[in-house]
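> Pasting the sequence and the predicted model now:
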Amino acid sequence: MRSLYLLVLLMLFPGAVAVAQEDSGVQGVGSYVMLLTVEGAIGPATDDYLSRALARAAAEGAAMVVIRMDTPGGLDTAMRGIIKSIINSAVPVATYVAPSGARAASAGTYILYASHIAAMAPGTNLGAATPVTIGGGFPGGDDNGEEPPQGGAEKPVPEPDTAKSASERKAINDAIAYIRGLAQLRNRNAEWAEKAVREAASLPAQEALALGVIDTIAGNVADLLQQVEGQVVEVQGGERTLRLAGLPVREWEPDWRSRLLSVITNPNVAYILMLIGIYGLIFEFSNPGAIVPGTIGAIALLLALYAFQLLPISIAGVALILLGVALMVAEAFEPSFGMLGIGGVIAFVFGSIILIDTEVPGFGIDLSVIITFATTSVLLFVFAIGMAFRARHRPVVSGMEQIIGGAAVALTDFEDEGIVSVHSEIWSAKTRTPVHKGETVRISGLNGLVLEVEPLTHKQEEKV
């Protein structure tokens with residue numbers, strides 16, 4: 001509900017929201033330590049949040065940025081965007097895996113390696129950085145859902161040269177080269193970094209410190225700042241000595257933009273927005289001038305398209321969903337004893353399942369959402385659109401087509417011209433056969449605004 005309010009507020013008052021966010025920020029504070037928090041899967045919203053926070057820290061003269069992290073992994077594109085921002089940052093960045101029980105798995109390991117300071121709290125772990133899909137991202141664990149091996153223990157997984165396909169070998173080799181480059185940049189253990197990718201190895205905090213994977217173990221942020229005091233780090237633009245004693249720690253939470261991005265890049269939300277957009281446009285085209293369905297549908301579809309260009313979607317999945325909707329619409333308009341409808345449901349469900357092209361935790365579409373929308377779509381098109389289509393084939397109840405062949409009541413006696421009543425309306429009428437007042441006559445034609453009538457026979461009266 002809070003996300004819905006945020007979306008409505010953004011669309012109605014975008015300028016006011018931006019001003020309010022700017023006023024609530026830290027302005028003109030001089031040197032301080034900026035604290036950022038990353039929890040859950042790493043995606044486009046995380047990249048936006050961290051990248052803009054680092055730019056703001058540089059503009060405000062922050063002494064250091066601390067990223068408190070607990071993540072199972074995330075998308076490759078978002079991870080690389082974050083790492084670029086860290087490497088190009090003029091402000092030192094310390095990634096701190098905390099609190100106890102947290103992890104920097106998969107994409108989190110790469111970010112930890114890229115940071116100027118790598119720290120962990122007791123009882124945390126990192127590793128398991130093997131890519132599992134070509135465009136998808138990095139998993140939060142191994143493929144079978146088991147916990148990754150601790151202490152760098154080897155796990156029997158295929159070597160790159162025995163992988164199932166050339167694309168898998170390419171992805172693994174690229175990931176190895178990438179993390180080794182980060183390790184060399186920060187003078188960290190490159191051999192174990194390669195093992196984290198090749199064998200999905202994982203390490204607890206104490207062993208990570210002993211192997212030179214991280215720089216320190218700290219119980220909290222204050223302890224971390226105290227331990228790194230006076231260290232010299234290489235940032236964009238030269239070396240910097242960390243002078244952190246006595247500096248305030250200010251936490252910068254995601255603003256309206258990052259929160260909105262987090263909402264719409266949720267695969268379930270993006271999926272729902274896409275379907276609302278499709279259905280809204282279908283109803284608008286079926287009932288031109290309705291305006292509301294078309295307006296809502298267009299907005300929802302644009303938001304969905306924006307989210308999809310940030311997410312690893314499958315074009316085949318989108319095509320199958322559109323085909324499924326088209327087949328269900330065809331079933332409603334051209335009944336085929338269920339064949340088109342069944343085919344549409346199958347295409348719709350399979351397209352929804354493969355829509356998000358990644359196995360990263362947190363970036364899949366819930367099966368319950370797919371089933372709900374598949375069922376709703378069937379009911380919507382079979383009943384709602386079907387009923388509207390059948391209504392078009394009902395007899396006309398107004399206009400000239402309805403008048404001719406209908407019945408009227410003579411209001412006067414007349415042999416040539418007179419007046420009759422039709423649906424409580426008075427019409428001029430002509431007849432070739434005398435008509436008596438109160439007699440029911442049949443309308444046989446219409447000449448301008450004059451009805452042509454004739455008395456009903458006995459059989460016609462029974463039928464009327």
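Yep, it's here.

> Output the contacting helices and strands for the helix or strand hosting residue 112.
For residue 112, the host element (DSSP states H and E) is helix 107-114. Packing partners of helix 107-114 (3 or more Cβ pairs under 8 Å, 6 or more residues apart in numbering; DSSP states H and E): strand 64-70, helix 76-87, strand 93-97, strand 125-127, helix 166-185, helix 190-198. C-betas here are computed from N, CA, C, even on glycine.

> Out of these, name the one with the poorest average pLDDT.
Among those, helix 166-185 has the lowest mean pLDDT, at a mean of 90.

> can you list the weak-confidence ranges in the stretch 201-350 of the chain?
332-338 (pLDDT under 70).

> Would you mark the buried spots in stretch 223-243?
224-225, 227-228, 233, 235, 240, 242 (16 or more other Cβ atoms under 10 Å).

> Show me the contact partners of that stretch.
Contact with stretch 223-243 is made by 33, 63-64, 66, 87-92, 94, 96, 116-117, 119, 215-216, 218, 244-245, 247, 249, as judged by Cβ atoms under 8 Å, 6 or more residues apart in numbering.

> and what of stretch 291-303?
By Cβ under 8 Å, 6+ apart, stretch 291-303 touches 11, 264, 270, 273-274, 276-285, 287.

> what comes up buried for that stretch?
Applying 16+ other Cβ under 10 Å to stretch 291-303 flags 293-294, 296-297, 299-301, 303 as buried.

> Would you quantify the distance from residue 439 to residue 447?
From residue 439 across to residue 447, the span is 21 Å (Cβ to Cβ, to the nearest Å).

> Separate out the buried members of the contacts of stretch 223-243.
Buried among these by 16+ other Cβ under 10 Å: 33, 63-64, 66, 87, 89-92, 94, 96, 116-117, 119, 215-216, 218, 244, 247.

> Between residue 439 and residue 447, tell me which one has more neighbours.
residue 439 (15 against 9; other Cβ atoms under 10 Å).

> circling back: name the next helix or strand downstream of the helix holding residue 112, please.
The helix or strand immediately downstream of helix 107-114 is strand 117-120, counting by DSSP H and E.

> dump the residue contacts of the residue most central in space within the chain.
Centroid-nearest residue in the chain: residue 270, 2.2 Å away (criterion: Cα atoms, centre = their mean). Shown in contact with residue 270 (Cβ under 8 Å, 6+ apart): 264, 303-304, 307-308, 311.

> could I get the residues you listed as TSV with secondary structure and distance to residue 347?
Listed next are the contacts of residue 270 as TSV, based on DSSP: H, G, I helix; E, B strand; the rest coil; distance: Cβ to Cβ, whole Å:
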residue	secondary structure	distance to residue 347
264	helix	25
303	helix	24
304	helix	19
307	helix	22
308	helix	18
311	coil	21
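
> Most neighbours among the residues you listed, please name it.
Busiest of the contacts of residue 270 [other Cβ under 10 Å] is residue 311, holding 24 neighbours.

> Many thanks, I have nothing further to ask.
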